[in-house]
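Novice: Using only what follows, build the 3D model:
(6 chains)
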There are 6 protein chains.
Amino acid sequence: METNTILFSMSLLVVLGLAGSDPDPLQDYCVADTKKATKENFYCNGVPCINPNNVESTHFATSALSKPGKISIMFGFNVTLTTIFNLPGLNTQGLTMARIDIDANSLVPPHSHPRASEVAILLKGSLLVGFIDTSNHLFTQNLQPGDCFVFPKGLIHFLYNTDSNEQALVVSGLSSQNPGVQMASPAAFGTKQNMPDEVFQINDQDVTRIRTNLGG
Amino acid sequence: METNTILFSMSLLVVLGLAGSDPDPLQDYCVADTKKATKENFYCNGVPCINPNNVESTHFATSALSKPGKISIMFGFNVTLTTIFNLPGLNTQGLTMARIDIDANSLVPPHSHPRASEVAILLKGSLLVGFIDTSNHLFTQNLQPGDCFVFPKGLIHFLYNTDSNEQALVVSGLSSQNPGVQMASPAAFGTKQNMPDEVFQINDQDVTRIRTNLGG
Amino acid sequence: METNTILFSMSLLVVLGLAGSDPDPLQDYCVADTKKATKENFYCNGVPCINPNNVESTHFATSALSKPGKISIMFGFNVTLTTIFNLPGLNTQGLTMARIDIDANSLVPPHSHPRASEVAILLKGSLLVGFIDTSNHLFTQNLQPGDCFVFPKGLIHFLYNTDSNEQALVVSGLSSQNPGVQMASPAAFGTKQNMPDEVFQINDQDVTRIRTNLGG
Amino acid sequence: METNTILFSMSLLVVLGLAGSDPDPLQDYCVADTKKATKENFYCNGVPCINPNNVESTHFATSALSKPGKISIMFGFNVTLTTIFNLPGLNTQGLTMARIDIDANSLVPPHSHPRASEVAILLKGSLLVGFIDTSNHLFTQNLQPGDCFVFPKGLIHFLYNTDSNEQALVVSGLSSQNPGVQMASPAAFGTKQNMPDEVFQINDQDVTRIRTNLGG
Amino acid sequence: METNTILFSMSLLVVLGLAGSDPDPLQDYCVADTKKATKENFYCNGVPCINPNNVESTHFATSALSKPGKISIMFGFNVTLTTIFNLPGLNTQGLTMARIDIDANSLVPPHSHPRASEVAILLKGSLLVGFIDTSNHLFTQNLQPGDCFVFPKGLIHFLYNTDSNEQALVVSGLSSQNPGVQMASPAAFGTKQNMPDEVFQINDQDVTRIRTNLGG
Amino acid sequence: METNTILFSMSLLVVLGLAGSDPDPLQDYCVADTKKATKENFYCNGVPCINPNNVESTHFATSALSKPGKISIMFGFNVTLTTIFNLPGLNTQGLTMARIDIDANSLVPPHSHPRASEVAILLKGSLLVGFIDTSNHLFTQNLQPGDCFVFPKGLIHFLYNTDSNEQALVVSGLSSQNPGVQMASPAAFGTKQNMPDEVFQINDQDVTRIRTNLGG
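Specialist: All right, here's what the predicted structure looks like:
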């Protein structure tokens, strides 16, 4: 696995990426009118909705999660989310679903969702999952198919497929229609513009030293 | 399928019972201290938490959804939820997960969640799903494995297994740690105490007449 | 009382009907601009507001509740709500008011508000009121003029005028500018499109059987 | 009318007084356990609830608003609220109701509710009502029986009975279980401890001068 | 200090003035598009945002608080706020900052923020600060440089510079992007339209009498 | 600067550290009763409050930010927060304040607040500040004294003192009483327990390669 691909894939991921304890709905549904943004240049906190008279059953259904997204050889995992683009009826409902496919011995690297808690259920494979709290305590668990794990809101977490043969499949619920995702290290090192040198102070030696100093 | 069993099973379901756009967390996690309620008789909006120094990884993991709950012959379906009882780390995180097993040609009858939106993903089988909005519009959709469907917050909805042989399996995310469930008709007819006769005015003839009047 | 009228009236009701713990206001007031929707086809979570320079005192006042709505002979009750249409200053304020007129020995049948709690005060007449919780417990109370009753958020409830001569008059506060209303049984039986036969499984016999099985 | 009584009565009012867009409920109901505070010295954001197994219908009902509170001759009005003390089932439901009795030609002086919007309905009498926005615009309206008026969240407002003979009766919904009340001028002048002299700078002459300078 | 100037300045203040526990963001940022309102006459709860592709670093930065606003001789203080106009990136982020400059022996008179709590830090000078709760209890404190003080949400509070030579400088955080401000007495006496005479009942004598009756 | 000290200091920071769009208050104030937790082992979402009759002005005041915290030579910066421990009146008010002291040419390394937005004002010195959005766009700005900058909720950000002689001083408002802090890289590398080797896959070479691949 080469980490430069992680960054690239993460960028793709976050294009979908998206919100926490969303504002409560003020009507039964507010089916997303995504064309208002692209064609009429209208943006707001969330998105406007289509005329309720034009709402159809299909606005509440999607096959977006029915197949795994493409997993590149170098990358090793793929995350697909229901969003207001592939599932417009999701708008204002305060949650979303994700499917996560992870190659054998591959990692969804440490990342956080700035606007959501997550509950994951493992459908296939064997996972080592964990999160780090704001006191730097690490909580990890090995999951078997059918097991669930809670990643508390906004905290850095990861999922690692411990099986050396089988791909793992996870379905997650997230407590926002647009949870967003931010990689821990790549976020610091892999921005589209270069990070100022002064900020890039944690060099190779530092990483080694950090681990040593912490008893690693 | 005999509907009297529905009522019984629903009662069991709601013993787990369950909340919408939950209040935001005020700390990383607040692992549920369910003994405070049962032993010290302490109840509040949600539940108190254990000493954060005693929190362990296992509080965030559960196997509760790894097997289907028992489906009675008469009943035809079973819903199992992650709750603060089987997954204490869920407390204050604002969402929960459910697995729903439905026998061939069986129905999860019309019901609503007073405190949550729901996004369901069909893992196995063939489903007819639908919901009714507050203008009495019905939205239905046939789902194949991998398909998702949104049930907007608080609205009456149902899931029907259209396959005459295979059991269906659904995983759902719900936007509250305690969504609650209330059956449409059974709620009116099947309370633990008898509904006053005056309220029980929709008799057999009425049902027929209603459908006739509506062109049924 | 003929129940087919209930359905019709309910449909009327819900056209007005509309939300729970509404998002907090971001300014003093946001007087509803309902023409933006109808003429410029603009819809969002809630509604846009008019230019604050054009706001007048009349936007905060309405006589909509000063008279009872029309009560059809067959129907037996009428609900009138303040809404953003008859009271534009209500927009973003997170509550609404209703007047409910109920004929002698008539019923506001079991229904729920997907987005609001309700506190009712009886002004005239004698009422039997009640709600059903998600454990199917029934809570009922007889009210005399001046008495108040709480219907918790999202739960099915009803109001019955126990007086055989006098019309009853109720004023209610609801904790959303658009609480919405969904009838329990009619919702299942009386949608504008026919409910799929598979879902319409609770037949006449079932209802009888349910009550018998529950000791009725 | 002597204003010193206002202050006294206001103090009584606010002892009941208590919140805006309250946190959403996490269960069907959380009936207030007010003894926990008084006897076990337990206080939190809101109040704890009693064991749900001990909840009864009477917890959701009250006659507190059935009679006017005592209107002193000097005072001229009385406000009675449903609170978690007289209506424990109100707890966590996000709203409350009030009855306001106002003597002929008497005033409920300018005040604000720090945690609630209000919609008032006039049941008897003739009222002049108004509020002041944060740009110091004054919005007033004359109300006849059946008329409603919106007082936006947190803004200073007043109600004046313009009838010289009849007492007025108002019922209000407020968007918090504990809206709180704070008198405009009395708050500045009538605290239980004396306001520091430096703060008490708006003297008699000032008031006259203010009005003159503003064209009064 | 002449109070008529207070009113004038307050009006200026509130033109900036603007909200409490704001709705949560549904995306990383929603940079305010203030031209939509002024040119296209579009208003909503909060403001729409610009195309995210056009967002630049400067949208998140402002020098608005770098200099004191103009303090008139008669007025004695000035408040400058970051707003969506001088700091568009503030939109949807749920807080704002203020700098407050107060002349020697001058007062920021009793006022409330209908939509925000405030924490003030004194940077220069000596302050007497205080607030009044809804039970009319007065809480005051003398602050030295570096001291902080909490003004709870929606309650009337004041700041008085007790130093007879030095100007005081305060920086405050407020828990809304648009907290709003409403003066206690000036709000009652100094609206742009004249307050009805009936409401202006607290005359000069009353003020004296109030203080006397309260032991002043 | 040696990074191992960063980790140590961060741990200290987060002991204080801790929340976003906090639940709205249900009373004027809820002064934190921190002894309930330590002595009576009571924990909940947030903290309980003391008897309101025992509340004093000092509960709303603190000198905690009046002096810089100790800046170790190796560390280069210090963050001091108002918390419910040093400022109990902060509880339920939905915001907090921080002072940040940064040595010449020193860095507050990339970190995020899982529960808060932040607006910083630079009081002394010259800063380079920036944040990274979920699309990996980097937004940076140079600040002079008096300048403010917005760090959107939950996003990774940093502050660097570009002056080679002068210490910098920043005051920040944060939109939660307990915002929490999580270091980007240290969070991944410096947990109290060792991160599993599989997760520690971003080695020294990777970091170099990442930057090269991204044109660095």
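
Novice: Count the residues that sit near residue A:70.
Specialist: The local packing of residue A:70 (other C-beta atoms under 10 Å in any protein chain shown) involves 11 other residues. Quick note: C-beta positions are derived from backbone N, CA and C, even for glycine.

Novice: I'd say it and residue A:79 touch.
Specialist: No: with contacts counted by C-beta atoms under 8 Å, residue A:70 stays clear of residue A:79, the gap being 11.6 Å.

Novice: quick one: contacts for residue A:150?
Specialist: A:117-119, B:29, B:60-61, B:87, B:89-90, B:93 (C-beta atoms under 8 Å, 6 or more residues apart in numbering or on different chains).

Novice: repeat for residue A:68
Specialist: A:78, A:80, A:99, A:101, A:167, A:169.

Novice: Wait, the last one touches residue A:98, no?
Specialist: Meaning residue A:169. No: the criterion here is C-beta under 8 Å, and residue A:169 misses it with residue A:98 at 11.4 Å.

Novice: neighbour count winner among those two?
Specialist: Shown here are residue A:169 and residue A:98; by other C-beta under 10 Å, residue A:98 has more neighbours (22 against 19).

Novice: What helix or strand is the more buried one located in?
Specialist: strand A:96-102 (DSSP states H and E).

Novice: Can you tell me the strand partners of that strand and which way each runs?
Specialist: strand A:77-81 (antiparallel), strand A:168-174 (antiparallel) (DSSP bridges).

Novice: which one among the contacts of residue A:150 gets closest to residue D:52?
Specialist: Nearest to residue D:52 out of these is residue B:90 (C-beta to C-beta; 19.3 Å).

Novice: Grab the most central residue of chain A for me.
Specialist: Centroid-nearest residue in chain A: residue A:181, 4.8 Å away (criterion: C-alpha atoms, centre = their mean).

Novice: was I right about that one contacting residue A:112?
Specialist: Yes: the criterion here is C-beta under 8 Å, and residue A:181 meets it with residue A:112 at 7.5 Å.

Novice: helix, strand or coil for the residue sitting furthest away from the middle of chain A?
Specialist: Within chain A, residue A:53 marks the point farthest from the mean C-alpha position, 33.2 Å out by C-alpha atoms, centre = their mean. With DSSP: H, G, I helix; E, B strand; the rest coil as the basis, residue A:53 sits in helix.

Novice: State the distance from it to residue A:122.
Specialist: In this view, residue A:53 and residue A:122 are 42 Å apart by C-beta to C-beta, to the nearest Å.

Novice: now do residue A:26
Specialist: 36 Å.

Novice: can you give me the helices for chain A?
Specialist: Along chain A, counting by DSSP state H, helices occupy A:3-16, A:34-40, A:185-189, A:204-213.

Novice: nearest to residue C:159, of the contacts of residue A:68?
Specialist: Out of the contacts of residue A:68, the member with the shortest distance to residue C:159 (by C-beta to C-beta) is residue A:99, at 46.1 Å.

Novice: Please name the bridge partners of that closest one.
Specialist: residue A:80, residue A:171.

Novice: can you pull the pLDDT of the residue farthest from the centre of chain A?
Specialist: With respect to pLDDT, residue A:53 has a value of 93.

Novice: Flag every residue of chain A that's near chain D.
Specialist: Residues of chain A lying close to chain D (C-beta under 8 Å from any C-beta of the partner chain) are residue A:24.

Novice: Any stretches of chain A with poor pLDDT?
Specialist: Scanning chain A for pLDDT under 70 picks out A:1-21, A:72-74, A:185-195, A:197-216.

Novice: which residue ranges form the strands in it?
Specialist: A:61-62, A:77-81, A:96-102, A:107-112, A:118-124, A:127-132, A:138-143, A:148-151, A:156-161, A:168-174, A:182-183 (DSSP state E).

Novice: okay, the angle between the fourth one and strand A:77-81?
Specialist: Translated: strand A:107-112. If you take axes from the mean of the first three to the mean of the last three C-alpha atoms, to 10 degrees, strand A:107-112 sits at 50 degrees to strand A:77-81.
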